[in-house]
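>>> here's my sequence, what's the structure:
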Amino acid sequence: MADQDNAQSHASSVWALRIPQAFLVILALIPVAIFLRVAFSRLFYPFDLEWIEGHMLAMAVRVARGLSLYPEPSLDYIPAPYFPGYFLLTGGLVKIFGIHFWVGRFLSILCTFGTGFLIVYAVRKRTGDYLIGLACMAIFFASYGFTSSFYDLFRVDSLAIFTLILAFVVADPKKGYFVAAWAGLALFAAVMAKQNALLFYPGLACVFFVKDWRKGLVFSVVFAVLTAGVCGAWHIAGGGWFLKYTFALVTNDPIQKRYYLVHVWLLTQYALPIAIVGLSMVSRLSSRRFQEIFGDKWLAFFAISYVVSYMFRITSGGARNAMIPVSAGCAIAAGAMLPEALAFIRGRMDFHSLLPLKKPAGLWALSILLVVQLLAQGHWFDREIPTKQDHQAARKFLAMLDDLDGTYYMPGHVLPRDNTYWIHEMSWRDFSKVQWAKPHIEQVAEGMESEKVDYLIVEKGVSLNKYMRKMKNRDYKLYKTVPNSMKLKMPSATKTAPDKIYKRKSP
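As a prediction, the model looks like this:
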């Protein structure tokens with residue numbers, strides 16, 4: 001009888017754990033399921049989901065064709081201001097699978113799941129509990145809407161955040177010099193994906209130098225030699241234009257004062273993760289554990305990601321993708337710092353039941369925290385899913401372009417076709433803002449006038465630059481208005497839609 005009672009007691013205790021564990025797993029997978037639903041419903045959409053996707057595809061096509069990525073600005077092509085890593089990868093895929101948007105989008109989806117895996121891995125390694133890691137992964141996936149659905153786009157961002165987190169995962173000052181060298185190589189790969197990863201170097205360098213200056217030196221030398229060497233090689237190969245595109249133009253982006261309150265915006269999304277990090281900091285400061293502050297790589301990642309996201313969001317060209325680093329930083333830091341934050345609270349209140357999280361009370365408490373966090377991040381994505389009509393409109397519009405008997409230019413979108421010009425409106429904007437670059441864009445404008453582009457496609461939501469406006473008014477007449485049935489209504493960082501087609505006047 002006693003044995004039977006013990007068996008029933010054991011079974012009930014097992015179920016007492018299994019139920020909150022299952023609830024937490026299901027809860028964590030909800031944002032993942034939402035992401036999958038949206039991402040795969042958009043995967044084969046045949047036109048831009050966001051206004052610069054075509055520009056990214058065009059650069060991948062140049063790699064596939066063996067053309068220079070960073071030549072002098074010309075009528076045919078001006079590159080986007082990003083480092084080459086993403087285009088080398090997608091260029092290889094384009095060479096295998098053909099010129100399709102889905103190629104880059106699928107790579108971004110894979111990188112997003114790779115980032116989710118790294119978050120679970122990093123948090124589990126710190127806490128010893130994979131359920132906390134799953135909860136943190138959910139925070140990252142739930143940020144998909146907050147970042148304006150950039151995770152699955154044909155853009156550099158998902159590869160950039162994956163490689164950046166990988167660099168921090170690899171970095172481990174407790175291990176040998178070989179690991180320090182690998183960390184330098186991994187951070188270099190992140191920089192090649194997107195140059196703002198350079199801003200994360202001080203964080204990792206500090207982590208290494210605090211623990212062992214020799215390993216810090218190995219990490220720094222490997223990273224510096226690779227980055228400087230490859231950037232120098234690209235700069236020389238591009239005739240001195242690589243660094244002008246990727247740094248000189250970008251650093252001239254003015255600040256938008258209306259975005260100064262981004263801090264408030266971030267707090268509404270990540271109040272709980274930031275509070276957890278704050279409690280951990282208070283705990284370390286109160287006990288004078290300064291080395292743990294400067295030697296904690298995930299605290300460094302959180303701090304720098306917050307600054308980077310804020311800094312790039314407040315520039316005129318800063319879109320919601322600028323929030324991706326802080327969305328990942330908050331997710332990882334919340335899990336990495338949670339045990340210490342709870343221990344700090346436990347010293348002042350009776351939170352013993354929450355530790356360890358192998359107890360039902362701890363699991364339910366973590367579930368409640370995750371529910372609150374997901375509600376704070378809640379977004380609906382139906383408006384971002386292309387309907388059957390959206391697909392039809394895109395195909396009809398592309399067919400209309402195929403029927404044009406000559407060359408055309410569409411400033412707000414770039415299509416990698418041989419009868420169009422691979423110059424994005426962003427290129428005109430960036431070059432026009434910088435004094436040294438203005439003569440080059442003027443030269444391109446003169447070339448376009450002498451080359452006599454046959455059609456100019458004006459887009460709703462895009463103001464023509466002064467060169468195009470002057471040329472349109474003087475040399476073009478309205479040829480066709482894009483029918484409502486072909487209007488592209490997909491949301492994007494800058495909402496643009498091809499609206500009117502102008503044809504060059506007969507001589």
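
>>> where in the chain is pLDDT low?
Scanning the chain for pLDDT under 70 picks out the ranges 1-15, 251-263, 314-318, 346-358, 380-383, 461, 489-496.

>>> do you know how far the residue most central in space within it is from Ala336?
Note on the chain: the residue nearest the mean C-alpha position is Asp157, at 2.8 Å, using CA atoms, centre = their mean. Going from Asp157 to Ala336 by CB to CB, to the nearest Å gives 23 Å. Yep, even glycine has a C-beta here, placed from its N, CA and C like the rest.

>>> ditto for Arg395
47 Å.

>>> looking only at neighbour counts, state which of those two leads.
Taking neighbours as other CB atoms under 10 Å, Arg395 and Ala336 compare with Ala336 leading, 27 against 13.

>>> neighbours around the nearest residue to the residue nearest to the centre of the chain once chain neighbours are set aside, how many?
In this structure, Asp157 finds its nearest non-sequential neighbour in Asn321, 4.8 Å apart by CB to CB, 6 or more residues apart in numbering. Using other CB under 10 Å, Asn321 has 26 neighbouring residues.

>>> now do the same contact list for Asn321.
Thr147, Ser148, Phe150, Arg155, Asp157, Ala493 (CB atoms under 8 Å, 6 or more residues apart in numbering).

>>> repeat that for Arg289.
Here Arg289 is in contact with no residues (criterion: CB under 8 Å, 6+ apart).

>>> ramachandran angles for it?
Per-residue torsions, Arg289: phi -90, psi 70 (degrees, to the nearest 10).

>>> again with Leu404
Dihedral angles (degrees, to the nearest 10) for Leu404: phi -70, psi 130.

>>> quick check: the gap between the nearest residue to it once chain neighbours are set aside and Lys503.
Leaving aside its chain neighbours, Leu404 sits nearest to Tyr455 (5.4 Å; criterion: CB to CB, 6+ apart). According to CB to CB, Tyr455 and Lys503 sit 6 Å apart.

>>> those two: who's more crowded?
Under the criterion of other CB under 10 Å, the comparison of Tyr455 against Lys503 puts Tyr455 first, with 21 against 18.

>>> then the helix or strand harbouring Leu93 to CSV, C-alphas only?
Using DSSP states H and E, Leu93 sits in helix 85-97. Extracted C-alpha coordinates of helix 85-97, given in CSV (Å, rounded to 0.1, in the frame of the first residue of the first chain):
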residue,chain,number,x,y,z
GLY,A,85,29.6,39.0,-47.3
TYR,A,86,25.8,38.6,-48.0
PHE,A,87,26.2,39.2,-51.7
LEU,A,88,29.0,36.6,-52.1
LEU,A,89,26.7,34.0,-50.5
THR,A,90,23.5,35.0,-52.3
GLY,A,91,25.5,35.4,-55.6
GLY,A,92,26.6,31.8,-55.4
LEU,A,93,23.0,30.7,-54.7
VAL,A,94,21.7,32.8,-57.6
LYS,A,95,24.2,31.1,-59.9
ILE,A,96,22.8,27.8,-58.8
PHE,A,97,19.1,28.5,-58.6
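
>>> how about residues contacting that helix?
So helix 85-97 is in contact with 56-57, 59-64, 69, 100, 103-104, 107, 154-156, 159-160, 163, 189, 192-194, going by CB under 8 Å, 6+ apart.

>>> same question for stretch 376-390.
34, 37-38, 41-42, 45, 49, 139, 142-146, 149, 268-272, 394, 488-491.

>>> what residues sit buried inside stretch 233-240?
Buried positions in stretch 233-240, judged by neighbour count with 16 or more other CB atoms under 10 Å: Trp234, His235, Gly238.

>>> so which of these are in strands?
Among those, DSSP state E puts none in strands.

>>> list the contacts of the nearest residue to Leu118 once chain neighbours are set aside.
Using CB to CB, 6+ apart and skipping residues adjacent in sequence, the residue nearest Leu118 is Ile165, 4.8 Å away. Going by CB under 8 Å, 6+ apart, Ile165 touches Thr115, Leu118, Ile119, Ala122, Phe301, Ala328, Ile332.

>>> helices along the stretch 101-250 of the chain, start to end?
101-127, 130-142, 157-170, 177-193, 201-211, 213-237, 242-243 (DSSP state H, counting those that start in this stretch).

>>> buried stuff in the helix holding Leu93?
In helix 85-97, the ones that count as buried by 16+ other CB under 10 Å are Gly85, Tyr86, Phe87, Leu89, Thr90, Gly91, Leu93, Val94, Lys95.

>>> stretch 126-144 now?
126-127, 129, 131-144.

>>> and it, how far out from the chain middle?
Put simply, stretch 126-144 sits 18 Å off its chain's centre (CA atoms, centre = their mean, to the nearest Å).

>>> C-alpha coordinates for that stretch, PDB please?
Only the C-alpha atoms of stretch 126-144 are listed here, as PDB (Å, rounded to 0.1, in the frame of the first residue of the first chain):
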ATOM      1  CA  ARG A 126      24.900  30.200 -18.900                       C
ATOM      2  CA  THR A 127      21.900  28.900 -16.900                       C
ATOM      3  CA  GLY A 128      22.000  25.200 -17.400                       C
ATOM      4  CA  ASP A 129      18.300  25.300 -18.300                       C
ATOM      5  CA  TYR A 130      17.100  24.900 -21.900                       C
ATOM      6  CA  LEU A 131      13.600  26.100 -21.000                       C
ATOM      7  CA  ILE A 132      15.000  29.600 -20.200                       C
ATOM      8  CA  GLY A 133      16.800  29.500 -23.500                       C
ATOM      9  CA  LEU A 134      13.500  28.700 -25.300                       C
ATOM     10  CA  ALA A 135      11.800  31.600 -23.500                       C
ATOM     11  CA  CYS A 136      14.500  33.900 -24.700                       C
ATOM     12  CA  MET A 137      14.300  32.600 -28.200                       C
ATOM     13  CA  ALA A 138      10.600  33.400 -28.100                       C
ATOM     14  CA  ILE A 139      11.500  37.000 -27.200                       C
ATOM     15  CA  PHE A 140      13.700  37.300 -30.300                       C
ATOM     16  CA  PHE A 141      11.000  35.800 -32.700                       C
ATOM     17  CA  ALA A 142       8.300  37.900 -31.100                       C
ATOM     18  CA  SER A 143      10.400  41.000 -32.100                       C
ATOM     19  CA  TYR A 144       9.700  40.100 -35.800                       C
END
